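Trainee: here you go, sequence then predicted model.
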Amino acid sequence: MKVSATYARNVVMGYDITVCATAEGSESISSVDTVLDGFTIGSGGLDADTQSYQRVFRQVGSYTPGAHHKLVVRVFDDKGNVKNYVVEWDD
C-alpha cells in the first residue's frame, strides 16, 4: 500500500489537503480515515476491490503563526491491516 498526503495554505482559510492511497498486488483499500490536529475530517468505507483513492479537503484547519499541525491518514486494506501515514508541520 502506498499512501501520500500533501497540504497547501488556502488564501481564504486554513489548508487544502490532498490524500492519496494506492493498493499494491492483490490487496485492496477498504476504508480511509483522515485526522487533522485530532479532528476527523474524513472517514468511511469504500466499495469492494477499490485499488486507488484520492480526496481533496478544502479550507480545513486554521493557519496560526507558530502553531504545530499533525495530519494522520489511516488506510485499511481488505484483510484488516492498517497503514498509518503522518505529516507534521509548523505555521
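Mentor: Sure thing, it's come through.
Trainee: mind listing the strands for this structure?
Mentor: For the chain, applying DSSP state E gives strands covering 2-9, 15-22, 29-36, 39-50, 52-60, 68-77, 82-90.
Trainee: could I get those strands as JSON lines with mean pLDDT and mean neighbour count?
Mentor: Where you see a C-beta, it was placed from the backbone N, CA and C, and this is true even at glycine. Rendered in JSON lines, the data for those read as follows (pLDDT from 0 to 100; neighbours: other C-beta atoms under 10 Å):
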{"stretch": "strand 2-9", "mean pLDDT": "96", "mean neighbour count": "14"}
{"stretch": "strand 15-22", "mean pLDDT": "97", "mean neighbour count": "20"}
{"stretch": "strand 29-36", "mean pLDDT": "98", "mean neighbour count": "20"}
{"stretch": "strand 39-50", "mean pLDDT": "93", "mean neighbour count": "12"}
{"stretch": "strand 52-60", "mean pLDDT": "97", "mean neighbour count": "15"}
{"stretch": "strand 68-77", "mean pLDDT": "97", "mean neighbour count": "18"}
{"stretch": "strand 82-90", "mean pLDDT": "96", "mean neighbour count": "12"}
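Trainee: against residue 11, how distant is residue 88?
Mentor: The span separating residue 88 from residue 11 equals 22 Å under the rule C-beta to C-beta, to the nearest Å.
Trainee: ditto for residue 77
Mentor: Distance, residue 77 to residue 11, using C-beta to C-beta: 37 Å.
Trainee: same question, residue 18
Mentor: If you measure residue 18 against residue 11 using C-beta to C-beta, the figure is 16 Å.
Trainee: residue 65 too?
Mentor: In this structure, residue 65 and residue 11 are 15 Å apart, going by C-beta to C-beta.
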